[in-house]
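Engineer: Give the three-dimensional model of this entry:
(2 chains)
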There are 2 protein chains.
Amino acid sequence: MKNIIVGQSGGPTSVINSSLLGVFKTAKDLKVEKIYGMVHGIKGLLEKEVVDLKEKIKTDLDMDLLKRTPSSFLGSCRYKLPEILGNEETYKRIFEILDELNIGAFFYIGGNDSMDTIKKLSDYGNKIHSEIRFMGVPKTIDNDLAITDHTPGYGSAAKYIAATMKEIICDGLVYDYPVVTIVEIMGRNAGWLTGAAALAKGEDCQGVDMIFLPEIPFDIDLFLRKTGELLKENRSLVIAVSEGIKVKDGRYVCELADHVEYVDSFGHKQLSGTARFLAAQVAKTYNVKTRAIELSSLQRCAAHMTSRIDVTEAFNTGGAAVKAALKENLTGHVITLKRVSEDPYMCITEPADVHFIANIEKKVPLEWISKDGCFVTEELVHYIRPLIQAEIAPLWVDGLPRHLKLK
Amino acid sequence: MKNIIVGQSGGPTSVINSSLLGVFKTAKDLKVEKIYGMVHGIKGLLEKEVVDLKEKIKTDLDMDLLKRTPSSFLGSCRYKLPEILGNEETYKRIFEILDELNIGAFFYIGGNDSMDTIKKLSDYGNKIHSEIRFMGVPKTIDNDLAITDHTPGYGSAAKYIAATMKEIICDGLVYDYPVVTIVEIMGRNAGWLTGAAALAKGEDCQGVDMIFLPEIPFDIDLFLRKTGELLKENRSLVIAVSEGIKVKDGRYVCELADHVEYVDSFGHKQLSGTARFLAAQVAKTYNVKTRAIELSSLQRCAAHMTSRIDVTEAFNTGGAAVKAALKENLTGHVITLKRVSEDPYMCITEPADVHFIANIEKKVPLEWISKDGCFVTEELVHYIRPLIQAEIAPLWVDGLPRHLKLK
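Structural biologist: As a prediction, this is how the structure comes out:
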């Protein structure tokens, strides 16, 4: 049997290493001799930066630590492969390196952009009749991948957001004067993460007061009017907004204030300052105390609070990818999650053609956003709720969660 | 035996309700009939907004939930009592209300400003030969109270900060290009919280790269020069700064940028934007990707990750206050923590005269800040480490930590 190689790409999630473990452990159980890891994804591979994972993950304790380690254990990259046509040199180089390492299967754990890598590599592989299998393992906190019911990484981020909102709501109620707290949540074009704020509501928590997703244009006048109405009846408001909300003319709300923009190599703008801008508007209009909170990268790296459902599914997608490649000889596929039962919740893994997934963004259905655009419906809550269930406690050492470090 | 009353004041901590529970349970065990809670502290008391705590905390489960509930269960206030001289009406009113409720002892859980309340009430009580006992129970994440070894609330905030820094450091290392992350931590004048970032360092974590406390003037040139030097050897830097750092001429660093200021009734400025300002300076100087993270109110409300040492000590100070008032007839005192052993760590409670505590701010000793002002010494780490030990898991219901709500 040939060796395999696995890489991690794009922004991390708190369970991306559970997927890595799924690939590693399943391959090891299938007696694969060498399990290589790309350091910093495809970019590292091009520079032959690879590690022998059996030397890095040696014991059962290492495996349990890896599951609890935030960020990408192997390091990540945001490197987009060029189109095959006219750039065959790059592809030749990659396949040469893979042949040198005697690779039979290549696994890439990532989001939209990473699935594009799988698509191109498998397309090129088919073109040159390579026997190397290319499989995608989905991950993204953004939950914006097509076909799959949801993406590993989303459930834990949703759990962190919902739990943190509960704490922020408690905190906001502490004083006897009005406070408006605006919480900015990740998700450039898709409101899945921001929508998770709705889960805070329960017997012990009044929940957030408004939720604004990027799927529909943001109306500042409506926002301010509604805030004013809510302030008449509530001492403390907590409002969740996506970093990606835009006004009608297409400008991001955060662009209405002065701030620094950043464009990465995929052409993504770095958004921030939405909550700050809106808090200032509320303070100005109603002369109340306001607070702006950006959940920031904590949403994707809070490994101390993951969903066990999510950890398990992340592991399972990694394992299923290995089996699909090595046992079923599949290539150019992504392992998706399929919800086969609602109550009790059950999800199975299923391979899907990468061409139907790469570069497609799945947004929150408009019918899951309330009519006035200021909240989400029960359908969305019902969809998310099973994904945040159950816990996996950190391994505490000397008062802090212990992680596994790539040395 | 007369009744007692307890209130919470000032900014919350994640264990302020453990102190409340310490007061409640100890008084209940001592057969106190009515245990009143002031809603929104002394301000609520003046409007006779009180609750019967035995009706609010009924079961063992309620008690266990209360320990895990962030923010102040009873609500808080930032109300400063006027000087006694010339304002005797206010004091007469308070004592009238206390007599109506047949109160024998009054407990106030709070920080510096709240201890001022205990000082004034006990002074006035002595003046009019009242038999009501007034006791302070310390709490503040800021750890800036005099005499006590540390304050309940600090250990959990320190644990949250150290654990979060570990996750942020992991996250920062994920890409293969340089990233400078600046994390802004609470603490207006005292650097105790920011110093806790030093605890992130360990076998599995390289730790933060620089730490800037408000105790010494902040030198932007030095900061930028050091950042440049560190960037030569490191791909990712994580720098912890206090929200309260000031440049030599006395201006807050966050005042160097444009931002909205807020002054509360105690004359405190609301600080924020320090990390953002510094991140912009670094980006401009070195043309690297930067990130600014404000830990924000999560530092004081992350009840899902508290230190068990802290929870226990918070409970104990509440209980000791009740015993000191009811058994030893003390008034005008605050329960402090005294570290009686370093290794193993042991702390006992000890009452201290409130006149030596109220309105005094304890800062980080200058000898615990490294000579160049860019880090802290091992002494500070050694001081903090025992305070973050051990955990108290949330009670998870339907995927989220469950809290107790005052209805």
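
Engineer: What ranges does the stretch 201-350 of chain A have for its strands?
Structural biologist: Taking DSSP state E, counting those that start in this stretch to define them, one finds strands in the stretch 201-350 of chain A at A:210-212, A:236-242, A:289-294, A:333-342, A:345-353.

Engineer: any idea which element A:V51 lies in?
Structural biologist: Element membership of A:V51 [criterion: DSSP states H and E] is strand A:50-52.

Engineer: Give the other helices and strands that that strand contacts.
Structural biologist: Under the contact definition 3 or more Cβ pairs under 8 Å, 6 or more residues apart in numbering or on different chains; DSSP states H and E, strand A:50-52 sits against strand A:35-38. C-beta: built from backbone N, CA, C; applies to glycine.

Engineer: Assign a three-state SS to whatever residue of the stretch 1-150 of chain A ends up closest to chain B, would you?
Structural biologist: In the stretch 1-150 of chain A, the residue found nearest to chain B is A:S71; the distance is 3.8 Å by Cβ to the nearest Cβ. The three-state label given to A:S71 by DSSP: H, G, I helix; E, B strand; the rest coil is coil.

Engineer: quick one: buried residues of the following helix or strand past the strand holding A:V51?
Structural biologist: The element immediately downstream of strand A:50-52 (helix or strand, assigned by DSSP H and E) is helix A:53-56. Neighbour counts over helix A:53-56 (16 or more other Cβ atoms under 10 Å in any protein chain shown) mark A:53, A:56 as buried.

Engineer: what's the answer for stretch A:128-135, then?
Structural biologist: Buried residues in stretch A:128-135, counting neighbours by 16+ other Cβ under 10 Å, are found at A:130, A:132-135.

Engineer: which residues sit against it?
Structural biologist: Residues from elsewhere that reach stretch A:128-135 (Cβ atoms under 8 Å, 6 or more residues apart in numbering or on different chains): A:95, A:98, A:103-108, A:118, A:121-122, A:124-125, A:321-322, A:324-326, A:329-335, A:351.

Engineer: In PyMOL, how would I select the buried members of those residues?
Structural biologist: Selecting the buried subset of the contacts of stretch A:128-135 in PyMOL, with 16+ other Cβ under 10 Å as the burial test, is done by:
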select buried, chain A and resi 95+98+103+104+105+106+107+108+118+121+122+124+125+321+322+324+325+326+330+331+332+333+334+335+351
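
Engineer: follow-up on the earlier one: so for chain B, which of the strands of the stretch 201-350 of chain A sits nearest?
Structural biologist: It's strand A:289-294; of the strands of the stretch 201-350 of chain A, that one is closest to chain B (Cβ to the nearest Cβ) at 4.8 Å.

Engineer: wait, what's in contact with A:R291?
Structural biologist: A:R291 touches A:172, A:179-182, A:279, B:296-297, counting by Cβ under 8 Å, 6+ apart.

Engineer: A:A257: which of these is nearest?
Structural biologist: A:A279 (10.5 Å; Cβ to Cβ).

Engineer: That closest one contacts A:V288, doesn't it?
Structural biologist: No: with contact defined as Cβ atoms under 8 Å, A:A279 does not count as touching A:V288 (9.9 Å).

Engineer: What distance do you get for the residue lying closest to A:A390 once chain neighbours are set aside to A:P386?
Structural biologist: Using Cβ to Cβ, 6 or more residues apart in numbering or on different chains and skipping residues adjacent in sequence, the residue nearest A:A390 is A:R308, 3.6 Å away. Distance from A:R308 to A:P386, counting by Cβ to Cβ, to the nearest Å: 12 Å.

Engineer: How are the helices of chain A distributed by residue range?
Structural biologist: Using DSSP state H, the helices of chain A run over A:16-29, A:41-46, A:53-56, A:60-67, A:88-100, A:112-127, A:154-172, A:192-195, A:220-233, A:274-286, A:298-301, A:308-326, A:378-384.

Engineer: Switch these over to JSON lines; also include distance to A:E361.
Structural biologist: Compiled in JSON lines, the helices of chain A are given as follows (distance: least, Cβ to Cβ, whole Å):
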{"stretch": "helix A:16-29", "distance to A:E361": "19"}
{"stretch": "helix A:41-46", "distance to A:E361": "21"}
{"stretch": "helix A:53-56", "distance to A:E361": "32"}
{"stretch": "helix A:60-67", "distance to A:E361": "29"}
{"stretch": "helix A:88-100", "distance to A:E361": "26"}
{"stretch": "helix A:112-127", "distance to A:E361": "7"}
{"stretch": "helix A:154-172", "distance to A:E361": "14"}
{"stretch": "helix A:192-195", "distance to A:E361": "11"}
{"stretch": "helix A:220-233", "distance to A:E361": "25"}
{"stretch": "helix A:274-286", "distance to A:E361": "19"}
{"stretch": "helix A:298-301", "distance to A:E361": "18"}
{"stretch": "helix A:308-326", "distance to A:E361": "19"}
{"stretch": "helix A:378-384", "distance to A:E361": "17"}
